[in-house]
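Enquirer: Let me see the structure of the following:
(chains A and B)
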Amino acid sequence: MENEVVSKNFIEQIIEEDIKEGHCETVRTRFPPEPNGYLHIGHAKSILLNYGLAKEYGGKFHMRFDDTNPTKEKVEFVESIKEDIKWLGADWEDRLFFASDYFEQMYEAAVKLIKKGKAYVSDLNAEQIREYRGTLTEPGREDPGTSRSIEENLTLFNNMKEGKYEDGAMVLRARIDMASPNINMRDPILYRVAHMTHHNTGDKWCIYPMYDFAHPIEDAIEGITHSVCTLEFEDHRPLYDWVVRELEYENPPKQIEFAKLYLTNVVTGKRYIKKLVEENIVDGWDDPRLVSIAALRRRGFTPESIQRFVELCGVSKANSSVDYAMLEYCIREDLKLKRPRMMAVLNPIKLIIDNYPEGEVEYLDAANNLENEELGSRKIPFCRELYIEREDFMEEPPRKYFRLFPGNEVRLMHAYFVKCESFVKDEEGNVTEVHCTYDPETKAGSGFTGRKVKGTIHWAPAPYAKKCEVRLYENLVDEEKGVYNKEDGSLNLNPDSLSILKDCYIEPALAEAEPYDSFQFVRQGFFCVDSKDSSSDALVFNRIVSLKSSYKLPTQNQ
RNA sequence: UGGCCCAUCGCCAAACGGUAAGGCAACGGACUCUGACUCCGUCAUUUCAAGGUUCGAAUCCUUGUGGGCCAGCCA
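Expert: Below you'll find the predicted structure:
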């Protein structure tokens, strides 16, 4: 790991060049979300990228809410966003900012532009503005407002601020180039009127700056050196640079764009998730099948696993979609050595050891994680009646089936070898009991080497095991058909995305598990106590991820 | 059909004119008290295509092709 050669991504290369050439001594980056929704895995990339860059170059990372449009923003979201970013491990220390704290400076900046003849008030309505803007292939036309004098513009803009106009009646526009092939440069709107209470500034303002005007100012005020954003803002860079230049900032920030993170077979669109929530297809924005930060946390993902994932994905300008398997790899990798490996029987069937004395119990020693001694050990009661996984017994086994079947011997993990002698079926032909004999000489830890078995299965002691609920998850959407329906754009939902198993048995040591605690359930995967629906007397576990398996039951193959 | 951006293995992604890293996935095999882990091995004679420049091109140029973004008083 220490010797891992990690090649620099293109942003690091730009930064190193900038430092080398003396454009800056160190870096200052920021994550600037609008508080209008919940964060998801895609935002994690941006957060961790910006935070990581600051750390890597000994710089500072800022948290900044880009709250310039009160019609879309809510405090509820600023709180959830802060919580998610903290959880992810991006520490902004005392550098928490709000774009709205700079409204005064932005207003003054606008006045400055007017005085330079670089901005004017327009009384065109929204529809007219659109008409005048032209199209992708035709240039726009001059706004009649351009003929106003500086004094008149100053007065009008002040009137806008004073609340003398209705929403939409007037806007402030930059004077750039109505014929530019880049539509963002066709006299973009700088300020609009919105009589609306802002979550931070209340009713102090009734004019609000547009993103394109506000963002470069925010960056410049905070001394951001590299303003990292996603690809769709590439066309805005000339405008970003124009604002910074016209306002004559001394250390102009540099905007750099990278490609967003997309995951395969995952739903991130706000509209879609909203619909899923409303139709009760998912259990809120933190449903474990979603990839919002809150959902990943609830599912049992760790910040470390997400950090690693983002790191592994890399940063480039190519639009791409990362395989979900990569995320699974990262969480398995993170939990592998950190978590106890316990036994849980998800789909139980009784196993009776006929030659084990009735009523007797012995407490077996079991290491919690054979690959990490620091995790210690626990005792597991062992007795005559156990539960084993229904899948681990077959009356007529296929080839290469190493588990229990009549006449076959397997190891009960942490316990003894048992040999299947017989089984019992009900009237419908379902196996209800498997009967075995055990060999006392084969006790775990005894050093027995007399013979070997091919299979080791897990179990839970019937009288001592605790019943619980386990939820298994698959992709929310159909992997075969693709995420979206080609006809109407709706989601191709996977009907099996959630399976609830209510009749599961866990070994007694697991009874004390608290919300967010996670474990490996041996041979099954990693599981986490659900933070929403679990209680101490009715535990609910979420499967975070299954273990990899090179064996498929033949029945599953068809 | 205006402008900007992108194209390297199934999926990410390096390579910066000197002869295609790495990870995920997959597939063999060894090991195994998890059919897990670990280990060992396989996996791009070729970089969207065609031309050109060069002793030498994934890298530079040209022309195509494919994909993304832009016509909010959203960010």
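
Enquirer: what about the helices in the stretch 251-400 of chain A?
Expert: A:270-278, A:293-299, A:303-313, A:324-335 (DSSP state H, counting those that start in this stretch).

Enquirer: what do you get for chain A?
Expert: Taking DSSP state H, the helices of chain A run over residues A:10-20, A:41-56, A:75-88, A:103-115, A:126-133, A:150-161, A:211-222, A:237-246, A:270-278, A:293-299, A:303-313, A:324-335, A:554-557.

Enquirer: In a markdown table: these, plus mean pLDDT, mean neighbour count and distance to A:Lys548.
Expert: In short, each C-beta sits where N, CA and C put it, glycine included. A markdown table is the format used below for the helices of chain A (pLDDT from 0 to 100; neighbours: other CB atoms under 10 Å; distance: least, CB to CB, whole Å):
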| stretch | mean pLDDT | mean neighbour count | distance to A:Lys548 |
| --- | --- | --- | --- |
| helix A:10-20 | 97 | 15 | 33 |
| helix A:41-56 | 98 | 21 | 22 |
| helix A:75-88 | 98 | 17 | 26 |
| helix A:103-115 | 98 | 18 | 53 |
| helix A:126-133 | 97 | 14 | 54 |
| helix A:150-161 | 98 | 17 | 62 |
| helix A:211-222 | 98 | 23 | 44 |
| helix A:237-246 | 98 | 18 | 44 |
| helix A:270-278 | 94 | 15 | 29 |
| helix A:293-299 | 98 | 24 | 18 |
| helix A:303-313 | 98 | 20 | 16 |
| helix A:324-335 | 98 | 18 | 8 |
| helix A:554-557 | 50 | 9 | 15 |
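
Enquirer: Relative to A:Tyr356, which of those is closest?
Expert: Closest of the helices of chain A to A:Tyr356 is helix A:554-557, at 30.9 Å (criterion: CB to CB).

Enquirer: okay, the spatially closest residue to A:Ile457 that is not a sequence neighbour: pLDDT?
Expert: Among residues not flanking A:Ile457 along the chain, A:Asp392 sits closest, at 4.5 Å (CB to CB, 6 or more residues apart in numbering). Here the pLDDT value assigned to A:Asp392 is 97.

Enquirer: for A:Asp392, what are its contacts?
Expert: Residues near A:Asp392 by CB atoms under 8 Å, 6 or more residues apart in numbering: A:403-404, A:410, A:455, A:457.

Enquirer: Return the closest of the residues you listed with respect to A:Ser122.
Expert: Distances from A:Ser122 to the contacts of A:Asp392, taken by CB to CB, are shortest for A:Ile457, at 75.6 Å.

Enquirer: which residues touch that closest one?
Expert: Applying CB under 8 Å, 6+ apart, the residues near A:Ile457 are A:388-389, A:392, A:403-404, A:410-413, A:523.

Enquirer: Check the closest residue to A:Asp283 other than its chain neighbours and give its pLDDT.
Expert: Among residues not flanking A:Asp283 along the chain, A:Lys532 sits closest, at 7.6 Å (CB to CB, 6+ apart). For A:Lys532, the model assigns a pLDDT of 97.

Enquirer: Excluding chain neighbours, give the residue nearest to A:Asn159 in space.
Expert: Nearest non-adjacent residue to A:Asn159, counting by CB to CB, 6+ apart: A:Tyr165, 6.6 Å away.

Enquirer: Now the stretch 351-500 of chain A against RNA strand B: closest residue?
Expert: A:Ala444 (1.6 Å; CB to the nearest atom of the strand).

Enquirer: any idea how far the closest residue to A:Leu136 other than its chain neighbours lies from A:Tyr208?
Expert: Using CB to CB, 6+ apart and skipping residues adjacent in sequence, the residue nearest A:Leu136 is A:Ile183, 7.2 Å away. Per CB to CB, to the nearest Å, A:Ile183 is found 22 Å from A:Tyr208.

Enquirer: So those two - more neighbours on which side?
Expert: Using other CB atoms under 10 Å as the criterion, A:Ile183 and A:Tyr208 rank with A:Tyr208 on top: 22 against 13.

Enquirer: so that one touches A:Thr68, yeah?
Expert: Yes - in this structure, A:Tyr208 is within contact of A:Thr68 by CB atoms under 8 Å, at 5.5 Å.

Enquirer: How about the contacts made by A:Glu469?
Expert: By CB under 8 Å, 6+ apart, the neighbours of A:Glu469 are A:500-502, A:504, A:538-541.

Enquirer: Buried among those residues? Make that a ChimeraX selection.
Expert: In ChimeraX, a selection of the buried entries from the contacts of A:Glu469 looks like this (16 or more other CB atoms under 10 Å):
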select /A:504,539,540,541
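
Enquirer: possible to save the helices of chain A as a markdown table with distance to A:Arg175?
Expert: Shown next, in a markdown table, are those (distance: least, CB to CB, whole Å):
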| stretch | distance to A:Arg175 |
| --- | --- |
| helix A:10-20 | 31 |
| helix A:41-56 | 33 |
| helix A:75-88 | 35 |
| helix A:103-115 | 8 |
| helix A:126-133 | 14 |
| helix A:150-161 | 10 |
| helix A:211-222 | 13 |
| helix A:237-246 | 10 |
| helix A:270-278 | 35 |
| helix A:293-299 | 42 |
| helix A:303-313 | 41 |
| helix A:324-335 | 48 |
| helix A:554-557 | 67 |
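
Enquirer: Which residues of the stretch 351-500 of chain A lie near RNA strand B?
Expert: Within reach of RNA strand B by CB under 7 Å from any atom of the strand, the stretch 351-500 of chain A has these residues: A:369-371, A:400-403, A:411, A:413-415, A:443-445, A:452, A:455-456.

Enquirer: repeat that with 6 Å
Expert: A:400-403, A:411, A:413-414, A:444-445, A:455-456 (CB under 6 Å from any atom of the strand).

Enquirer: and the gap between A:Trp459 and A:Glu507?
Expert: Distance from A:Trp459 to A:Glu507, by CB to CB: 9 Å.

Enquirer: ditto for A:Glu304
Expert: 27 Å.
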